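Q: below is the sequence, then the predicted model.
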Number of protein chains: 2
Amino acid sequence: MGKAGLPVSPLAPAGFPDLPVIAGVEFASAAAGVKYQGRTDVTLIRIAPGSTVAGAFTRSSTRAACVLDNQAKLAQGGDAPDGAAVIVNSGNANAFTGARGQESVDAVTAAVAAATGVPAGRVFSSSTGVIGEPLPHDRIVAVVDDLVRGLDEGGVADAARAIMTTDTFPKGASATVATEGGEIRISGIAKGSGMIAPDMATMLVYVFTDARIAASLLQHALSSGLETSFNAITVDSDTSTSDALICAATGRSAAAEITSLDSVDGIAFVKALHGVMRELAQLVVRDGEGATKFVEVRVTGAESDADARKVAMAIANSPLVKTAIAGEDANWGRIVAAVGKSGAEADRDRLTIRFGDMILAQNGWRAPDYDEAAASAYMKNQDLVISVDLGLGQGARTVWTCDLTHGYIDINADYRS
Amino acid sequence: MGKAGLPVSPLAPAGFPDLPVIAGVEFASAAAGVKYQGRTDVTLIRIAPGSTVAGAFTRSSTRAACVLDNQAKLAQGGDAPDGAAVIVNSGNANAFTGARGQESVDAVTAAVAAATGVPAGRVFSSSTGVIGEPLPHDRIVAVVDDLVRGLDEGGVADAARAIMTTDTFPKGASATVATEGGEIRISGIAKGSGMIAPDMATMLVYVFTDARIAASLLQHALSSGLETSFNAITVDSDTSTSDALICAATGRSAAAEITSLDSVDGIAFVKALHGVMRELAQLVVRDGEGATKFVEVRVTGAESDADARKVAMAIANSPLVKTAIAGEDANWGRIVAAVGKSGAEADRDRLTIRFGDMILAQNGWRAPDYDEAAASAYMKNQDLVISVDLGLGQGARTVWTCDLTHGYIDINADYRS
């Protein structure tokens, strides 16, 4: 069972991965009783002096207080000569809480600064859970000393659990990059399963690496991966007030400093970082509320990448497409309708639609050898690939989504998230 | 039970209204077995010589063959000196059917022209149902002679039933306008309950009047009402390939000709016409697939009407807002999130959110006298009004939607529409 009492997603991986330790990053988790009882709900992450930090945050105009605070702090630059910290709670989003929201952020980050010696301007925070209720920050402040005592480089799996809300499994991903000077390690954790249609960053995601890299390069490496990871997923088209991605590099690897993203090591690092980001993003979809199918939507042949994204998201967000997938119904007509409503340039008579390798429709018409039985059989797979070629240009984009089931209604008609 | 075997929507009106006869408009319905068995599925409407015709159609880039045909015919103007006709079938949308789609339209409209004497260029057609399957037009052609024999000015209620697909009740609305010269009558019918997020026009809607009015004025009166009727509703954010609204004026009223929409009679006629359009649009929402709640979303104080519409539609299309409503959960935090993702200008600290007359949130924060019990009690109503004031300007827009329930999943995971 997941933390909210929900059964574990059928799309969950076999277990939490064995993430490599990132030298200079320690984790501790505690049960503060912010909302949930009988489970950990606060995590502290301490990042060693000399690290660099980068971030990406939701573009929502109703951003949570902690998001605004993080953005203001990162606007001062990503260097952390005296170290940095991140404090995260689940159970309350501290969003739409007016001036009191900032007071709560100040109280929590000041307590962490006092207990760790990290400057308050380098203490980042995240809150996730119900919107519009005051954050009982005293409960978090009360466990800060315990958290500091419990800090441990091996605490990442517990941290991945403490940040869960309607998540049914903890999410982690890692990569290693072999360089001439030595190995660079990247480890990340994420939470998220509903209110997932990130815009700019997403959900709560923390990625750590022992690479030695300047803050500006780290930020660039992070930002350039957003469009093909967190901005390429959707569970329900609803964008959160609290989406936040924070990435820290401790420089403790034996590898040489990455001084350019175009160098051999730089290219390898960016590729590995983007791979971890994409894997975490896909894990969020695999824990989509009520999901029983993992769906890759590939759009090619668009006039531009932006048009390809419009079409891919129109398909991935269509309730009619998503319910057809839930019902294992090869109802490709709903994909045609989604293309039509997307607002992208499209020519009905040039569309090609595939399920897996099977061509269902082309030239504005059902394929001549269309086989309903084969298409229906394909829909029984747990992982599906829907491809649409618009036949107009070179624009392409792939996004990931899940189906829309009774489980989504169960969770959201009853759960005050 | 509705025609697809679904229980009648709890939001349905007590019965089909007693629509006034429009002199010069006759209806006939028949069972052609296009897809459904044991029910009528084809309707013929004959409009008298000397009438004028106007229309509005989906902007989908994957429009159905009949929509493209209607648009081409209306591009020639809306006069019908030798009369006009509309033939409608349910059970098959004749959409994404390539060149064969146009052949089917030609076959059906030619048969109607031959049997009625109406020029083929004035025979309009609509098809609604599954996308991507060839239309068995021979079955429709086979019943045309019967339809012509059955034409009757009193056949409107039967027509409203014949055009239903997943609709659970037939939809009609009317108005009368008293003028010095005599009364003008307006009667309309509509179908639609899923794939409802019209763009330009919507679903299948037929509105008739005995007003005497030039085609260009009729078109203008119709077009100016779209934004506040069919373009202001959404069931599931999915836009159909087949949305079509056709309006005909027979000129048989004793009232004087309407020669300006700014005259006393012109203003009264436009107001009545828009009222009928809005009522039909709202009836479609009341038959939204799986709906148990009818929701009016009023947005005011936006920087522009366009921004107000963005916010209203973001709320009305949010799966999280719609499932909270289904669960009778006063979860206004999800409304905050929907405002934030809308893309419209918004300032968290100027938002005011009301359920009915109750203020839930203002100044970026829960209202001081927020009463969770009262808010929850309000959610038990069948008709709900959610108001959001952005506190920025004069832009305003009201839209209508329904909740998202298990019924929607049931209908769409299993029904090949």
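A: Arrived safely.
Q: which residue packs closest to A:Gly391, ignoring adjacent ones?
A: Leaving aside its sequence neighbours, A:Gly391 sits nearest to A:Arg350 (C-beta to C-beta, 6 or more residues apart in numbering or on different chains; 3.3 Å). The way it works is simple: take the backbone N, C-alpha and C, and place the C-beta from them, glycine included.
Q: quick check: A:Val295 touching A:Asp403?
A: Yes - if you go by C-beta atoms under 8 Å, A:Val295 and A:Asp403 touch, sitting 6.9 Å apart.
Q: so which of these two has more stuff around it?
A: A:Asp403 (25 against 21; other C-beta atoms under 10 Å in any protein chain shown).
Q: pull the contacting residues for the more buried one.
A: By C-beta atoms under 8 Å, 6 or more residues apart in numbering or on different chains, A:Asp403 lies in contact with A:290-293, A:295, A:322-323, A:325-326.
Q: tell me the most packed of those residues, by neighbour count.
A: Result: A:Lys322 is most packed of those (other C-beta under 10 Å), 31 neighbours.
Q: does that one sit in a helix or strand, and which one?
A: helix A:319-326 (DSSP states H and E).
Q: which strands and helices sit next to the next helix or strand after that helix?
A: Using DSSP H and E, the helix or strand that follows helix A:319-326 towards the C-terminus is helix A:333-341. If you count contacts as 3 or more C-beta pairs under 8 Å, 6 or more residues apart in numbering or on different chains; DSSP states H and E, helix A:333-341 packs onto helix A:305-317, helix A:319-326, strand A:383-389.
Q: to B:Ile411, which of those lies closest?
A: Closest to B:Ile411 of those, according to C-beta to C-beta: helix A:319-326, at 8.1 Å.
Q: report the buried residues of the longest helix seen in chain A.
A: The residue-count maximum for a helix in chain A (DSSP state H) belongs to helix A:264-286. Within helix A:264-286, the residues that qualify as buried are A:265-266, A:268-270, A:272-286, counting by 16 or more other C-beta atoms under 10 Å in any protein chain shown.
Q: and stretch A:348-356, what's its mean pLDDT?
A: Averaging pLDDT along stretch A:348-356 gives 92.
Q: and for it, what are the contacting residues?
A: The contact list for stretch A:348-356 (C-beta under 8 Å, 6+ apart) reads A:301, A:330, A:332, A:335-336, A:339-340, A:359-364, A:375, A:378-379, A:381, A:384-392, B:61-63, B:96, B:98.
Q: show me which of the residues you listed are buried.
A: Neighbour-count burial (16+ other C-beta under 10 Å) is assigned, among the contacts of stretch A:348-356, to A:301, A:330, A:332, A:335-336, A:339-340, A:359-362, A:364, A:375, A:378-379, A:384-392, B:61-63, B:96, B:98.
Q: next secondary structure element downstream of the lowest-mean-pLDDT helix or strand in chain A?
A: With mean pLDDT, DSSP states H and E as the measure, the helix or strand of chain A carrying the lowest mean pLDDT is strand A:233-234 (a mean of 78). Going down the chain from strand A:233-234, the next helix or strand is strand A:244-249, by DSSP H and E.
Q: quick check, that following strand touching chain B?
A: No - Strand A:244-249 does not reach chain B (C-beta under 8 Å from any C-beta of the partner chain); its nearest approach is 14.1 Å.
Q: which stretches of the stretch 201-350 of chain A have low pLDDT?
A: Scanning the stretch 201-350 of chain A for pLDDT under 70 picks out A:201-203.
Q: looking at the helices and strands packed on helix A:333-341, which is closest to chain B?
A: Across the helices and strands packed on helix A:333-341, chain B has its closest neighbour in helix A:319-326 (3.7 Å, C-beta to the nearest C-beta).
Q: what residues are up against the residue of the stretch 51-200 of chain A found nearest chain B?
A: Residue of the stretch 51-200 of chain A nearest chain B, by C-beta to the nearest C-beta: A:Ile131 (2.8 Å). Residues near A:Ile131 by C-beta under 8 Å, 6+ apart: A:64, A:93, A:95-96, A:241, B:333-334, B:336-337.
Q: mind giving me the packing neighbours of the helix holding A:Lys322?
A: Helix A:319-326 sits against helix A:333-341, helix B:406-414, with contacts defined as 3+ C-beta pairs under 8 Å, 6+ apart.
Q: which strands and helices sit next to the last one?
A: If I follow you right, that is helix B:406-414. Using 3+ C-beta pairs under 8 Å, 6+ apart, helix B:406-414 is in contact with helix A:319-326, helix A:406-414.
Q: off-centre distance for the longest one?
A: Taking C-alpha atoms, centre = their mean, to the nearest Å, one finds helix A:406-414 lying 21 Å from the centre of the chain it belongs to.
Q: any buried residues in it, and which?
A: Those would be A:406-413, for helix A:406-414 by 16+ other C-beta under 10 Å.
Q: re earlier: now the helices and strands packed on helix B:406-414 in JSON lines, with distance to B:Gly225?
A: Shown next, in JSON lines, are the helices and strands packed on helix B:406-414 (distance: least, C-beta to C-beta, whole Å):
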{"stretch": "helix A:319-326", "distance to B:Gly225": "27"}
{"stretch": "helix A:406-414", "distance to B:Gly225": "34"}
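Q: how about those, which one is nearest B:Thr209?
A: helix A:319-326 (33.8 Å).
Q: what's in contact with that closest one?
A: Taking C-beta under 8 Å, 6+ apart as the rule, helix A:319-326 contacts A:292-293, A:295, A:315, A:330-331, A:334-335, A:337-338, A:379, A:384, A:401-405, B:194-195, B:236-238, B:319, B:404, B:408-409, B:412-413, B:417.
Q: now stretch A:252-266
A: Defining contact as C-beta under 8 Å, 6+ apart, one finds that stretch A:252-266 is touched by A:22-24, A:48, A:177, A:179-185, A:209-214, A:217, A:220-221, A:251, A:267, A:269-270.
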